[in-house]
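Chemist: build me a model:
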Amino acid sequence: MALALYRKYRPRTFAEVIGQEHVTEPLSQALRSGRLNHAYLFSGPRGCGKTSSARILARSLNCEKGPTPEPCGTCDSCRALASDGPGSIDVLEIDAASHGGVDDARELREKAFFAPANSRYKIYVIDEAHMVSSAGFNALLKLVEEPPEYVKFIFATTEPEKVLGTIKSRTHHYPFRLIPPSVLRPHLEQLCASEGVKVEPAVFPLVVRAGGGSARDSLSVLDQLIAGAGPDGVTYSRAVALLGVTDASLIDEMCDALAAGDGAAAYATVDRVAEAGHDPRRFASDLLERLRDLIVLRQVPDAVAKGLVDGPADQIERMAAQAERLGPATLSRCADIVHNGLVEMRGTTAPRLLLELICARMMLPGAEDATGGLLQRLEQMERRLANSGGQILTAAAASAPVAAPAPVRPEPAAAAPAAAA
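Modeler: From the prediction side, this is the model:
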C-alpha cells in the first residue's frame, strides 16, 4: 500500500519545513545557544507544520548530539522518533480532543514527575490544545509553571485564543502561517519530480488554490490526482473534472461578455455551465477569484513576478487583456455583485436562477443609483469616446458649416480738391 504523500514527505528537520522561517530560525538558534524554555505553544491554521515542528523539536532535544537544530538521525532516540519509527516512551503525543478532561490532566501530572527512561527529556506534545477543558488546564497549571528540569511541554492548536491565559503566559508562543503560493508551488513541483509523475503546469495553480495555503491539504489533493492519473500523467482536464473547478474557458467567456456588454453571450455561458454539470455556486466563486486576479493585474503590473497571480503564461496573457478591456470601475462593481450573490446563494433552491440574476445586475449598471454603477457608466462612455474619437472629430469637421467670407467694404473716395476762391 502506497504511503500518503503528506506522511512520506513529512519534514524531518527544521530546514525542511517550508514557509515558516519566522518560526524555525528562532527555534534553531535557541537550540544552538541552549536557551530553551520548558513550554512552547505552536498555533496556526491546519496543515501548516505545527505537529511536524513539535516532533522535530522533540528529536532535536533528545538527540544524543543535541540539543541541536539538526538531529543526527542515527542515534536510538532519532530512529525511534522518525516518521516510520516505533516511537519513544519518553515522548508522549496526546490528543486533547479525546484526553482533555481533568482526570487526564491529573494522570499526566502524576506521571510527569518520573524521570525519563532513556532520553534527556520527557516531552509532552499536546495536540489540539484548545480542546483541553478549563478544569484540565487548571490541573496542569502548577506543573506547566514549575515543571521538573527534565520535562518539556509543546502545545499545538488552531485556536490559541481558547488556551487558558495563565497557560499561554508561561509558554513561548510561535504563530504559524499559511504557506504562500510562491513557496508551495515549487515544493509541489519538486515532489512530483521525486515521484516521477508527469503533471501539466496548469494543474499546480488548481492544487494550490484547493489546498488554501495548507501544505497537508495541498499534498492530499495532489495525491488524489496522482492516484487517478492515466498514462499521460495528471492532465488539466482530469484535474478540473475531479476537483469540480470551473473550466477556465467558461470564465474567459463570461469575462469577454462583461467587457463587450453582451448579455446574450453571458446567458449562453450560464447555460453551458449548467449543461456541463458545474455547480453554479462554484462557478460564481471561481468567477469572483478571476475578477480578483484581474483587479490585481491592473493595479500591480508585475503581479505575476511577485506571486500575487499564478497561472500558465497563455492564461496570464488573456487575463491581462481582459483586465485592460474591463476597467477598474467595472471590475470592482462586478466583484461586489458576485460576492453579494454568493452570500444570497447559501441555502437557495434555485442557484442557476440566482446566477442569471447576478449576470443581469452586472450587465445593467444603469439600473442602480449607487456610485459603483455611475462610475461604470462613466468608464464605458470614456472607453467609447476613446475608441471612436477620430471618427467623431472627422464627422464634426465634415458637418460644420463653412463660414461665408466677410463682405469687402469699399474704400472711401479721395476728397476732391477745394475750389479756388
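Chemist: what's the average pLDDT for stretch 9-23?
Modeler: Averaged over stretch 9-23, pLDDT sits at 91.
Chemist: quick one: the helices in the stretch 301-421 of the chain?
Modeler: 313-326, 328-345, 351-363, 371-387, 389-399 (DSSP state H, counting those that start in this stretch).
Chemist: mind checking how far the third one is from the chain centre?
Modeler: Right, helix 351-363. 26 Å (C-alpha atoms, centre = their mean, to the nearest Å).
Chemist: buried stuff in it?
Modeler: Neighbour-count burial for helix 351-363, with 16 or more other C-beta atoms under 10 Å as criterion, is recorded at Pro351, Leu354, Leu355, Glu356, Ile358, Cys359, Arg361, Met362, Met363. Using the backbone N, CA and C atoms, a C-beta is placed for each residue, glycine as well.
Chemist: find the nearest non-adjacent residue to the third one, please.
Modeler: With C-beta to C-beta, 6 or more residues apart in numbering as the criterion, Leu355 has its nearest non-adjacent residue at 4.3 Å, and that residue is Pro280.
Chemist: quick one, what contacts the one you found?
Modeler: Residues near Pro280 by C-beta atoms under 8 Å, 6 or more residues apart in numbering: Val270, Val273, Ala274, Met345, Pro351, Arg352, Leu354, Leu355.
Chemist: what sits against the first one?
Modeler: Under the criterion of C-beta under 8 Å, 6+ apart, the neighbours of Val270 are Pro280, Arg352, Leu355, Glu356, Cys359.
Chemist: what does stretch 53-68 contact?
Modeler: By C-beta under 8 Å, 6+ apart, stretch 53-68 touches 11-14, 17, 20, 23-24, 27, 31-32, 34, 36, 40, 42, 69-72, 75-78, 81-82, 88, 90-91, 119-121, 123, 125, 127, 152, 154, 156, 176.
Chemist: list only buried entries from those residues.
Modeler: 11-14, 17, 20, 23-24, 27, 31, 36, 40, 42, 69-71, 75, 77-78, 81-82, 88, 90-91, 119-121, 123, 125, 127, 152, 154, 156, 176.
Chemist: helices - which of the residues you listed land there?
Modeler: Val23, Thr24, Leu27, Leu31, Ser77, Cys78 (DSSP state H).
Chemist: nearest to Ala96, of these?
Modeler: Taking C-beta to C-beta as the measure, Ala96 lies nearest Val23 of those, at 20.9 Å.
Chemist: the closest one contacts Tyr174, correct?
Modeler: Yes - using C-beta atoms under 8 Å, Val23 is in contact with Tyr174, at 4.6 Å.
Chemist: shared neighbours, the two?
Modeler: Common contacts of Val23 and Tyr174, defined by C-beta under 8 Å, 6+ apart, comprise Phe42.
Chemist: tally of neighbours for Asn118?
Modeler: 11 (other C-beta atoms under 10 Å).
Chemist: ramachandran coordinates for it?
Modeler: Phi and psi for Asn118, reported as degrees, to the nearest 10, are phi -130, psi -10.
Chemist: what about the closest residue to it other than its chain neighbours, distance to Thr348?
Modeler: Residue nearest to Asn118 in three dimensions, not counting chain neighbours: Asp90, with 6.2 Å by C-beta to C-beta, 6+ apart. Distance, Asp90 to Thr348, using C-beta to C-beta, to the nearest Å: 55 Å.
Chemist: ok, Ser214 next?
Modeler: To Thr348, Ser214 is 29 Å away according to C-beta to C-beta.
Chemist: which of these two has more residues huddled nearby?
Modeler: The neighbour comparison of Ser214 against Thr348 (other C-beta under 10 Å) goes to Ser214, with 21 against 14.
Chemist: contact partners for that one?
Modeler: Pro45, Arg46, Gly47, Cys48, Leu178, Ile179.
Chemist: list buried residues within the residues you listed.
Modeler: Buried by 16+ other C-beta under 10 Å: Gly47, Cys48, Leu178, Ile179, out of the contacts of Ser214.
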